[in-house]
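K.L.:
Got a sequence here, can you build the structure:
(chains A and B)
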Amino acid sequence: MSVLEIHGLHVTVETEQGTKEILKGVDLVIREGEIHAIMGPNGSGKSTLAYTIAGHPKYTVTKGTITLDGEDVLAMTVDARARAGLFLAMQYPVEIPGVTNTNFLRTAKTAISGEAPAIRTWVKDIRETMTKLRMDSSFAERNVNEGFSGGEKKRNEILQLELLKPKFAVLDETDSGLDVDALKIVSEGVNRAAENTGLGVLLITHYTRILRYIKPDFVHVFVAGRVAEEGGRELADRLEEEGYDRFLTEANVG
Amino acid sequence: MTAASTSTALPTAEQHGIKEHSDGRFGFVPVQTRSARFRSTNVEDFPAVTGREAVWKHTPVDRVGSLISGELDGSAYAYDATPADGITVAWVGRDDARIGVAGAPEERASANAWSAFERALVISVTGEEAKEFTLTRSALGTGARGAHTIIEAAPFSQATVILQNSGSAQLTENIEIILGESANLTVVSVQEWNDDALHLANHFASVGRDARFKHVAVSLGGSVVRINPSTHLVGSGADTEMLGVYFADAGQHLEQQVYVFHDGPHGRSRVTYKGALQGEGARTVWIGDVLIGPDAVGTDSYEQNRNLVLTDGTRADSVPNLEIETGDILGAGHASATGRFDDEQLFYLQSRGITEDEARRLVVRGFLSEIVQQIGAPTLQERLQLAIEAELSAVPRAGE
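P.N.:
Numbering: from 1, shown residues only, chains lettered A, B, ... in the order given. Here you go, the predicted model:
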């Protein structure tokens, strides 16, 4: 049974005003098949956590550990983390000129499984998954994310999630900028991946809206770079009613 | 953009800058129309180059002084050629009637070559079957040299002619390309010179009625390489595809000034150049001029340039120009974009399991292969793909 463990994680980032500590001791344990929602106000460090797990060079880990089934994730390059089974669905997916989606997906799949996918089943997999995500087949031959709308980019992220079949996926504000139809389509994709592959999910969101479609097993409230409160699904409901005000007050006092 | 003379909404000769300046002292009127540039085959007719001239302002003229104003060796040189049915190669004298048919120099280095060459190399294409021919120049030496080449495609003939350039060279040259009626000719000029090579080339193509001309400039190696192809669509229904691909690494200057002159009616032109830049001081220039003359009704024209910047410390200039002298055309457009392959793209690809090296190869190969795939010479295409990959791995990346 796979497990992603984060212990005592401190992360800094370089800013014009000097080094700034964003994460101040994060502890999280995510097991295979579990869905964890990380909620919190803007600037609480949610996205920093996502990018630190994926290994973005902008963030420096000063203390703490991240392990995947006991393996030291922090010692791995970005691509090695992906090959080990981690996936980050980005809030703002990047456009890659000159590379078609098809070519990109095949290259990534080959890199992750260590061998080229069998052509016939692979093409069929892509086509079927795109249909489920209501993506027009023309997206296969278009350059990665180039000229895609916000919603199309998010669906393209979930397409990759479904095809690359990671052990753990971090979804960084995948719900932002989606209308309700797109939100449902994207949520269905995540739920399919969770059912089919026993995916563990770290769902980062500002709003509770997506939690109507993706049911979390655990909810963690992030404030000022650490987990301020943890609970089950009912915590999300309370946040929907109350917002983050009581945490902000505590943080200010603290 | 120059206006049709009938429209009152467009600039008139009285407007500032079009006539001689009112102080009158300098007697200087800038050339307004691309086809009206001064031409001469005699180098003495061109003043010394300062580097401020429109045609030289992007070029490191101090590095190519020997070609602009130095004495040139205009003698015949050694070449390799693979024999092909319907293609002959011969040296001819300066009095050959074909010399000067397709064009004349518009700048000093071109005229320097024209004044200096002793004999011209003529590649003649006949026969309606498709064929491929490669002329390899790999032993031009390190002395400054001027050369003249004529590629002549007989009416209804068909061929792909590849000029493969490698080794050391200091070369300024003119290549005249003459397409008879309904000829179908592809000319590919591949620059894979040594790092110290200097190469200034002007290609002048004259395309006859219903003829199809594909021109491809591939510049990968050399210190300063400037390929200026101009295509004159003379006959009705003439068609040209002008393609270019270049990869500049540290300290390299790769330039191309492309010109299409739609003179006859119902012509079609497509100009597509793509380049990548990598390493400190890598420099590329693309200038694309399209002139649609008053008789070129029914013209369909589009030109574009795309550059991919791979590291810091590079510079890509891209200047599309379009002049239209008739309103009765199907279409004319231009586009230019220079983008960078940045750390976020690298992170994105790596976060999907793709290694850093593979990520770079994927992006650059995808970007440049669009042009390479259109050459139409499979063996050359395959070799160029490998050459581009070698360029990628040859140079240290940013931050290393």
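
K.L.:
State whether A:I210 is indeed within a strand.
P.N.:
No - per DSSP: H, G, I helix; E, B strand; the rest coil, A:I210 lies outside any strand segment and is helix.

K.L.:
Tell me if I'm right that it and A:N191 touch.
P.N.:
No - using C-beta atoms under 8 Å, A:I210 is not in contact with A:N191; the gap is 11.2 Å. Every residue, glycine included, has its C-beta placed from N, CA and C.

K.L.:
Could you pull out the buried residues of stretch B:326-346?
P.N.:
By 16 or more other C-beta atoms under 10 Å in any protein chain shown, the buried positions in stretch B:326-346 come out as B:326, B:329, B:332, B:334, B:336, B:338, B:340-341, B:344-346.

K.L.:
what mean pLDDT does it have?
P.N.:
Stretch B:326-346 shows a mean pLDDT of 90.

K.L.:
Now the closest residue to chain A within the stretch 251-400 of chain B: closest residue in space, sequence neighbours ignored.
P.N.:
Closest approach between the stretch 251-400 of chain B and chain A, counting by C-beta to the nearest C-beta: B:F367, at 3.2 Å. In space, and not counting its chain neighbours, B:F367 is closest to A:G98: 3.2 Å by C-beta to C-beta, 6 or more residues apart in numbering or on different chains.

K.L.:
shouldn't that neighbour be in contact with B:R361?
P.N.:
No - applying C-beta under 8 Å, one finds A:G98 not in contact with B:R361, separated by 11.3 Å.

K.L.:
the more surrounded of those two?
P.N.:
More crowded of A:G98 and B:R361, by other C-beta atoms under 10 Å in any protein chain shown: A:G98, with 23 against 17.

K.L.:
how about TSV for the buried residues of stretch B:326-346, with secondary structure added?
P.N.:
Below are the buried residues of stretch B:326-346 laid out as TSV (three-state DSSP):
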residue	secondary structure
B:T326	coil
B:I329	coil
B:A332	strand
B:H334	strand
B:S336	strand
B:T338	strand
B:R340	strand
B:F341	coil
B:E344	helix
B:Q345	helix
B:L346	helix
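
K.L.:
tell me the two of these that are most distant?
P.N.:
Maximum pairwise distance among these (C-beta to C-beta): 47.6 Å, between B:T326 and B:L346.

K.L.:
so what's B:E173 up against?
P.N.:
B:E173 makes contacts with B:113, B:146-149, B:199-202, as judged by C-beta atoms under 8 Å, 6 or more residues apart in numbering or on different chains.

K.L.:
State the helix or strand in which it lies.
P.N.:
strand B:170-179 (DSSP states H and E).

K.L.:
which helices and strands does the helix or strand following that strand pack with?
P.N.:
Under the assignment DSSP H and E, the closest C-terminal helix or strand after strand B:170-179 is strand B:184-193. Helices and strands touching strand B:184-193, by 3 or more C-beta pairs under 8 Å, 6 or more residues apart in numbering or on different chains; DSSP states H and E, are strand B:144-153, strand B:158-167, strand B:170-179, strand B:198-207, strand B:212-221, strand B:224-233, helix B:378-394.

K.L.:
which other helices and strands contact the first one?
P.N.:
In other words, strand B:144-153. Using 3+ C-beta pairs under 8 Å, 6+ apart: strand B:144-153 touches helix B:108-116, strand B:119-125, strand B:158-167, strand B:170-179, strand B:184-193.

K.L.:
so can I have a markdown table of these showing mean pLDDT?
P.N.:
Shown next, in a markdown table, are the helices and strands packed on strand B:144-153 (pLDDT from 0 to 100):
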| stretch | mean pLDDT |
| --- | --- |
| helix B:108-116 | 98 |
| strand B:119-125 | 98 |
| strand B:158-167 | 98 |
| strand B:170-179 | 98 |
| strand B:184-193 | 98 |
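
K.L.:
Ok, which of the ones you listed comes nearest A:T67?
P.N.:
Here strand B:184-193 is closest among those (C-beta to C-beta), at 49.6 Å.

K.L.:
For the stretch 301-400 of chain B, give me the ranges with low pLDDT.
P.N.:
Flagging of the stretch 301-400 of chain B using pLDDT under 70 yields the residue ranges B:394-400.

K.L.:
Fine by me, we can end here.
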